[in-house]
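Engineer: Kindly generate the corresponding structure for this input.
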Amino acid sequence: MNMISRRRALTILAAATTLPASAMADVPIYTWQGRALGARATLRLAHPDAGAIAARAASEIDRLEDVFSLFRPQSALSRLNRQGSLEAPPFELLQCLSLAGRVHEATQGLFDPTVQPLWRVYADAAVDGRSPRTVDLSKARDKIGWNGVHFAPDQITLEPGMALTLNGIAQGCIADRLADLLAAEGLDNILIDTGELRAMGGDPNGKSWNVQLVDGRQVPLKARALATSAPRGTTFGEGTSGASHILDPKRGVPVPAQWREISISAPSAGLADALSTAACLFPTKSGIQSCVRSFQDVRVERISAA
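Structural biologist: Predicted coordinates:
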């Protein structure tokens, strides 16, 4: 059963080209491997201080998991869901919620992180090998609504019984944060893959990073991000027979298998992540295109029908 994430690994490729040639002469590629964001993680860095930088990057990933993870009981998000409020919330969580609110408005409510109670009902039913109970679905639908989320620099509060999932946006936000950290460390040709792709600068040769889509077409990334969502990429149940993990907050059901994959590029990975997730809920290509035009410099790179 696959109910956690469509991401299978985290990969970071980075090199410094602004350092003097003498400093970069014969610098080997440093490789760190471990676990991050619940997946295999690989960092490949070309920098004289690559080992120390990799350690700081790994520490930052761990810190961000303590903000966004639903699987860490003491993460900021888990405590918010459990308590219904969170004092002195992390800046990254506030920033992510602010972006989520913008996408919620632009999608006319189709992107809504408050679907977590509904997601829980479907997930629990899948674990038990049964269909969700009507009464449980009805109770969960009553707890959905972005207007029940209130946040300010000093506190985040949720209406009683509500809970958030940021699985449709947090991976992108984490990629953006890692890109900023590595850029501050003196690395300027960076490609980060957290399931969403974030490019800072180009490849080590100064050209764009070329990312290949499923249909074989390449999308050049340079100071840009790319996210792909697949409604049936992760399901509540075995194989492709299960329901999609992307839920319609208005109808309270998994999205139909209308789209196979949707890829969107944007200036930030958080925005690309959220919009590609939301796009799966639109019934028409024209609706998707109209939505992304609400944001500057956002492009639909590929829409594949099921």
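
Engineer: contacts and neighbour counts: CA atoms only from here.
Structural biologist: Will do.

Engineer: list the helices and strands the helix ranked longest in the chain packs on?
Structural biologist: Counting residues, the longest helix in the chain under DSSP state H turns out to be helix 50-68. Packing partners of helix 50-68 (3 or more Cα pairs under 8 Å, 6 or more residues apart in numbering; DSSP states H and E): strand 30-36, helix 76-83, helix 91-106, helix 170-184.

Engineer: now those as TSV including distance to Arg302, mean neighbour count and mean pLDDT?
Structural biologist: TSV is the format used below for these (distance: least, Cα to Cα, whole Å; neighbours: other Cα atoms under 10 Å; pLDDT from 0 to 100):
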stretch	distance to Arg302	mean neighbour count	mean pLDDT
strand 30-36	28	15	82
helix 76-83	32	20	98
helix 91-106	19	18	97
helix 170-184	18	22	92
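
Engineer: tell me, what residue is most central in this protein?
Structural biologist: Gln171 (2.8 Å; Cα atoms, centre = their mean).

Engineer: Could you double-check that that one sits in contact with Ile192?
Structural biologist: No. Under the criterion of Cα atoms under 8 Å, Gln171 is not in contact with Ile192, lying 10.8 Å apart.

Engineer: circling back: now render the helices and strands packed on helix 50-68 as JSON lines, adding distance to Ala199.
Structural biologist: Converted to JSON lines, these look like this (distance: least, Cα to Cα, whole Å):
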{"stretch": "strand 30-36", "distance to Ala199": "19"}
{"stretch": "helix 76-83", "distance to Ala199": "27"}
{"stretch": "helix 91-106", "distance to Ala199": "19"}
{"stretch": "helix 170-184", "distance to Ala199": "8"}
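
Engineer: what's the closest of those to Pro153?
Structural biologist: helix 91-106 (7.3 Å; Cα to Cα).

Engineer: Could you point out the helix or strand that follows the closest one?
Structural biologist: helix 116-128 (DSSP states H and E).

Engineer: Report the mean confidence score over that following helix.
Structural biologist: For helix 116-128, the mean pLDDT works out to 91.

Engineer: For that helix, buried residues please.
Structural biologist: By neighbour count on 16 or more other Cα atoms under 10 Å, the buried set for helix 116-128 is 116-123, 125-126.

Engineer: now swap in stretch 278-289 and tell me
Structural biologist: The neighbour-count check on stretch 278-289 (16+ other Cα under 10 Å) flags 278-282, 285, 288 as buried.

Engineer: Just want the angle from the longest helix of the chain to helix 76-83.
Structural biologist: When axes from the mean of the first three to the mean of the last three Cα atoms, to 10 degrees is applied, the directions of helix 50-68 and helix 76-83 differ by 10 degrees.

Engineer: send the alpha carbons of helix 50-68 over as CSV?
Structural biologist: Output of helix 50-68 as CSV, limited to C-alpha atoms (Å, rounded to 0.1, in the frame of the first residue of the first chain):
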residue,chain,number,x,y,z
ALA,A,50,31.6,20.4,0.7
GLY,A,51,31.6,18.1,3.8
ALA,A,52,30.7,20.9,6.2
ILE,A,53,28.1,22.4,3.8
ALA,A,54,26.5,18.9,3.4
ALA,A,55,26.3,18.6,7.2
ARG,A,56,24.6,22.0,7.5
ALA,A,57,22.2,21.1,4.7
ALA,A,58,21.3,17.8,6.4
SER,A,59,20.7,19.6,9.7
GLU,A,60,18.4,22.1,7.9
ILE,A,61,16.4,19.3,6.3
ASP,A,62,16.0,17.8,9.8
ARG,A,63,14.9,21.1,11.2
LEU,A,64,12.3,21.6,8.4
GLU,A,65,10.9,18.1,9.0
ASP,A,66,10.4,19.3,12.6
VAL,A,67,8.2,22.1,11.1
PHE,A,68,6.2,20.3,8.4
